[in-house]
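Visitor: please find the sequence and the predicted model below.
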Amino acid sequence: MVPAGRARAVHPGGGIIRPTVAVQGRVVGTWRLPRGEVVVDLFDAAAGPGLSAQLDAERAEILKAMDAPDLKERLR
């Protein structure tokens, strides 16, 4: 569920839907991948207890997937 007032952050228009960060079914932010770096934009810094460690683990998984040979080939 996207919080009221945050719909444009997730769906800015023009067919664009940004990837989201969800905690227990609630969207708490978006993320992007500029220059191969995972950048998370949380709607509220206090989005959930222990979220920082979870985000670090997810960043590592995304970067691991980005290093996969089959993905590198498709991005060329």
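Guide: All right, it came through fine. Model, not experiment: these values are computed from the prediction. Numbers count the residues shown, from 1 in each chain.

Visitor: got the buried residues for stretch 54-64?
Guide: Neighbour-count burial for stretch 54-64, counted by 16 or more other C-beta atoms under 10 Å, picks out residue 55. Every C-beta, even on glycine, is put in place using the N, C-alpha and C of the backbone.

Visitor: what's it in contact with?
Guide: 21, 33, 36, 38, 40 (C-beta atoms under 8 Å, 6 or more residues apart in numbering).

Visitor: out of those residues, which two sit at the greatest distance?
Guide: Using C-beta to C-beta, the contacts of stretch 54-64 span at most 18.6 Å, a distance reached by 21 and 36.

Visitor: neighbour count: the two, which is higher?
Guide: residue 21 (20 against 8; other C-beta atoms under 10 Å).

Visitor: residues contacting the more buried one?
Guide: Residues in contact with residue 21 (C-beta under 8 Å, 6+ apart) are 27, 28, 29, 30, 31, 40, 42, 47, 55.

Visitor: please repeat the previous calculation with a cut-off of 6 Å.
Guide: 28, 29, 31, 40 (C-beta atoms under 6 Å, 6 or more residues apart in numbering).

Visitor: for residue 51, state which of the contacts of stretch 54-64 is nearest.
Guide: Nearest to residue 51 among these, counting by C-beta to C-beta, is residue 21 at 8.3 Å.

Visitor: show the backbone phi and psi for that closest one.
Guide: Dihedral angles of residue 21 (phi, psi; degrees, to the nearest 10) stand at phi -110, psi 120.

Visitor: how about residue 20?
Guide: phi -120, psi 160.
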